[in-house]
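>>> Structure here, sequence nowhere to be found:
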């Protein structure tokens with residue numbers, strides 16, 4: 001919110017700069033064109049941005065913290081409308097950068113702008129097209145917005161690891177103090193990994209897009225089944241879908257992390273090493289089908305007795321707790337040894353042991369009460 005406000009503040013100064021020309025650009029500059037061979041790729045990207053933006057932990061963290069379902073719905077609608085409003089300042093700043101004659105500014109880079117500088121148009125407009133004071137405040141607001149997103153992402157990743165992985169899988173009896181220490185180490189580890197990725201990856205937008213890519217392929221099928229098909233899915237299907245989706249996505253290759261494509265889908269472009277086929281959506285649908293099929297198959301195998309109940313290691317189909325599983329009957333030899341041991345123990349003790357809690361007093365003790373009898377009397 002703070003970053004969007006200061007971007008609105010910088011727009012009047014950038015529009016009135018002498019190096020900025022008219023914003024009445026040609027239609028090709030505003031809209032562009034899509035070649036027919038890339039339609040599948042654009043559909044893949046569109047579904048990725050729409051559906052891959054749903055199962056984010058930072059979003060559901062706010063939704064689940066709402067007191068009522070109505071507040072959660074209201075939060076979602078307001079956030080969707082706010083995204084549209086906050087997208088207007090970057091769009092105007094991009095148009096200003098497009099209409100700017102950068103050779104008339106103090107920009108020392110190459111002209112026309114290359115691919116390395118086109119992703120930096122926001123800080124470039126704030127630095128070279130606004131006064132120094134406005135540029136200082138605007139860049140500070142952008143940095144604050146980036147840092148708030150970074151620390152919230154690091155904290156959420158560390159808390160998920162400490163609670164959902166360490167506490168539930170690795171060490172279920174861990175104390176609260178131990179979980180806090182694990183969370184601290186996880187914050188340091190995630191911060192180091194994030195710093196290394198930021199220094200190696202050339203595009204921050206590409207890194208963010210890659211995160212949405214993995215969320216779309218791996219987590220979106222899980223969310224759909226949990227919400228709409230909860231009765232038809234279990235842990236075996238979820239784990240299989242996770243592995244299949246991640247494997248198909250990785251085999252398709254990723255230029256951002258330098259991963260070559262091992263599967264060349266139809267319409268693969270050799271010169272640019274680009275997948276024009278919507279293989280991300282294919283991986284997502286395959287993961288969804290795997291989740292439903294494996295869940296149904298494992299349920300059928302356990303319920304029909306083709307796999308013994310003790311093989312249900314996740315207790316999600318048979319659901320027999322460990323403490324009530326059938327125990328093997330003792331053998332005859334074991335019973336004889338047990339009986340001999342017990343007989344020897346009791347024979348070594350004298351009969352008629354005195355209860356130390358019983359204290360008998362002398363003649364002063366009151367006489368024992370007479371036995372209780374019931375008399376049936378009838379009054380006429």
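Yep, that arrived. Predicted model only: the values in this text are computed from it and were never measured.
>>> Please, where are all the helices along the stretch 51-200 of the chain?
Remark: helices assigned in the stretch 51-200 of the chain by DSSP state H, counting those that start in this stretch are 57-64, 69-86, 88-98, 115-118, 121-128, 132-160, 176-200.
>>> which of the residues in the last one are buried?
Okay, so that is helix 176-200. Neighbour-count burial for helix 176-200 flags 179, 182, 183, 186, 187, 190 (criterion: 16 or more other Cβ atoms under 10 Å). No exception for glycine: its C-beta is placed from N, CA and C like everyone else's.
>>> How about the longest one?
Within helix 132-160, the residues that qualify as buried by neighbour count (16+ other Cβ under 10 Å) are 134-135, 137-139, 141-142, 145, 153-154, 157-159.
>>> Check stretch 294-302 too.
Per 16+ other Cβ under 10 Å, stretch 294-302 contains these buried residues: 294, 295, 298, 299, 302.
>>> likewise stretch 227-235?
Neighbour-count burial for stretch 227-235, with 16+ other Cβ under 10 Å as criterion, is recorded at 233, 234, 235.
>>> Of those residues, which belong to helices?
Under the assignment DSSP state H, the buried residues of stretch 227-235 contribute residue 235 to helices.
>>> Which one of the buried residues of stretch 227-235 is nearest to residue 89?
Residue 89 lies nearest to residue 233 out of these, by Cβ to Cβ, at 42.1 Å.
>>> hang on, that closest one packs against residue 290?
No: checked against Cβ atoms under 8 Å, the pair residue 233 and residue 290 is beyond contact range at 10.7 Å.
>>> Output the buried residues of helix 176-200 as a markdown table; include the columns distance to residue 82 and pLDDT.
Shown next, in a markdown table, are the buried residues of helix 176-200 (distance: Cβ to Cβ, whole Å; pLDDT from 0 to 100):
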| residue | distance to residue 82 | pLDDT |
| --- | --- | --- |
| 179 | 34 | 92 |
| 182 | 35 | 93 |
| 183 | 30 | 93 |
| 186 | 30 | 92 |
| 187 | 28 | 93 |
| 190 | 27 | 89 |
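>>> Could you export those residues as CSV, including distance to residue 260?
Shown next, in CSV, are these (distance: Cβ to Cβ, whole Å):
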residue, distance to residue 260
179, 40
182, 36
183, 36
186, 31
187, 33
190, 27
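>>> mind checking the backbone torsions on the residue nearest to residue 216 when sequence neighbours are not counted?
Closest residue in space to residue 216, ignoring its immediate chain neighbours: residue 52 at 3.1 Å, by Cβ to Cβ, 6 or more residues apart in numbering. Backbone torsions of residue 52, given as degrees, to the nearest 10, read phi -70, psi -10.
>>> Residue 7: neighbour count?
23 (other Cβ atoms under 10 Å).
>>> what kind of secondary structure is it in?
Here residue 7 is recorded as helix under DSSP: H, G, I helix; E, B strand; the rest coil.
>>> Now it. Nearest residue, chain neighbours left out?
Leaving aside its chain neighbours, residue 7 sits nearest to residue 89 (3.7 Å; criterion: Cβ to Cβ, 6+ apart).
>>> roughly how far apart are that neighbour and residue 95?
11 Å (Cβ to Cβ, to the nearest Å).
>>> shouldn't residue 284 be in contact with residue 221?
Yes: here residue 284 lies in contact with residue 221, judged by Cβ under 8 Å, at a distance of 6.1 Å.
>>> Centre-most residue in this structure?
The centre of the chain sits closest to residue 57, judged by Cα atoms, centre = their mean, with a distance of 5.0 Å.
>>> and stretch 48-68, how far apart are its ends?
End-to-end distance for stretch 48-68, by Cα to Cα, to the nearest Å: 29 Å.
>>> mind listing what's buried in it?
Using 16+ other Cβ under 10 Å as the test for burial, stretch 48-68 gives 48, 51, 52, 55.
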